[in-house]
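Chemist: A predicted structure for the sequence below; I have some questions about it.
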Amino acid sequence: MSALTDLPMPGLSGGAVDFARRGGQLRVSFTPRCQLGSWFCHNEGEVPPRITHHDRTIQPRRRALAPADYLNAINTMTAAGIRRVFFTGGEPLLSPAARPVLQGIPTHQPSQYTTTLITNGLTLVKELPWLGDTTLDRVKVSLHYFSDASIAAIAEGKPGDIAKIKAGIEAAIDVIPTVELNLLLQEQNAHEVMDIIAYSRHLGTGLQIIELVDTDHNAGLGGAKIPSVDIASYLRAIATAEQVVTTGTGQGRRVFTVTGSTGPMTIEVIDASLGRHHVGQCTTCPARRKCIEGFWALRLDSAGTLAPCLLRTDLRMDVTPYSDDPAALLSAVSAHLDAFTEGTLR
């Protein structure tokens, strides 16, 4: 019996082709649930965990996709040209779908596409034995805190959580091909940024530093935004090279090459001053004036919908009717994206 990726596959059409060519992401959310309650979490457009933690009457939508449905969608989209797949949540490793889906991703080359698991790291030590047997290319661990005090303030974490996360990061380095850290700049962690940079260099892992952007999900919460300019100046002083990247999709970034314990490594700084890409294609969108995201990712969630934008939940497309029909899925996605970017989708 042929696998889905062995069969002749149709392609994306219209604006979806350009989206894929420019490195647009497919973000696959396994679950909206999470052990933590970060104040800034957008939860891929679902109800943020912190809200459910404090009011159990407010719940995210029910899961509608089985592991086979996820795999059919991922295999279809990557065969059609999507080159970057990110597995998210919530905390993806809490979902019973995570293991069968990640174990079901076929062997592939980076030239075909890459797969990245984004995790809070709390259960990494426990999950690594089976994660190490998958074709996963990269694990990105969110490390927005470096002490029990800061994880409590930022994400309602508990004593001992930082030790668990660091243990997971350090164990993953020996198991996963590439391990990277994510750091969101904010008032609550400003005093720990240098410690996290030093930790990343000590391990030799890559690090991505992100400027906070205001969304409806975090309005009125947290502290003041911390610009990246001082961090970039520090990195520039210790770097052997700096590259400014403004191509592709998403926000522009500065990529610094610095010396880590195992040799050269990169630290990326997502810099809003460098511009955001794809925003301009959303021609007549009523949310365009307040847009801070733009069209840089397709978000497939556990409720079975695909969305091109965090600001417009009304633009979610139900993909469950296309679970067993790759051609129909690609046709529907292409038409949906064209209508979205041309401003004819209402």
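Modeler: Looks like it arrived, so ask away. Numbers count the residues shown, from 1 in each chain.

Chemist: show me the strands in the stretch 51-200 of the chain, by range?
Modeler: Remark: strands assigned in the stretch 51-200 of the chain by DSSP state E, counting those that start in this stretch are 84-88, 114-119, 138-142, 178-184.

Chemist: tabulate the ones you listed (JSON lines), appending mean pLDDT.
Modeler: Below are the strands of the stretch 51-200 of the chain laid out as JSON lines (pLDDT from 0 to 100):
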{"stretch": "strand 84-88", "mean pLDDT": "96"}
{"stretch": "strand 114-119", "mean pLDDT": "98"}
{"stretch": "strand 138-142", "mean pLDDT": "98"}
{"stretch": "strand 178-184", "mean pLDDT": "97"}
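
Chemist: between these, which gets nearest to Gln35?
Modeler: strand 114-119 (10.9 Å; CB to CB). C-beta coordinates here come from the backbone N, C-alpha and C atoms, glycine included.

Chemist: and Val244, how many neighbours?
Modeler: For Val244, the neighbour count with other CB atoms under 10 Å is 10.

Chemist: which residue packs closest to it, ignoring adjacent ones?
Modeler: Excluding its sequence neighbours, the residue lying closest to Val244 (CB to CB, 6 or more residues apart in numbering) is Arg254, at 5.7 Å.

Chemist: show me what contacts the one you found?
Modeler: Contacts of Arg254 were listed using CB atoms under 8 Å, 6 or more residues apart in numbering, and they are 232, 235, 242-245, 268-269, 271, 274.

Chemist: how about 7 Å then?
Modeler: 232, 242, 244, 269, 271 (CB atoms under 7 Å, 6 or more residues apart in numbering).

Chemist: buried ones in the helix or strand containing Leu337?
Modeler: Using DSSP states H and E, Leu337 sits in helix 326-342. Applying a neighbour-count criterion of 16 or more other CB atoms under 10 Å, one finds 326, 329-330, 332-334, 336-337, 339-341 buried in helix 326-342.

Chemist: the residue nearest to Leu124 when sequence neighbours are not counted: neighbouring residues, count only.
Modeler: Among residues not flanking Leu124 along the chain, Gly168 sits closest, at 2.8 Å (CB to CB, 6+ apart). Applying other CB under 10 Å, we find 23 residues neighbouring Gly168.

Chemist: who wins for proximity to Pro286 among the strands of the stretch 51-200 of the chain?
Modeler: strand 84-88 (26.8 Å).
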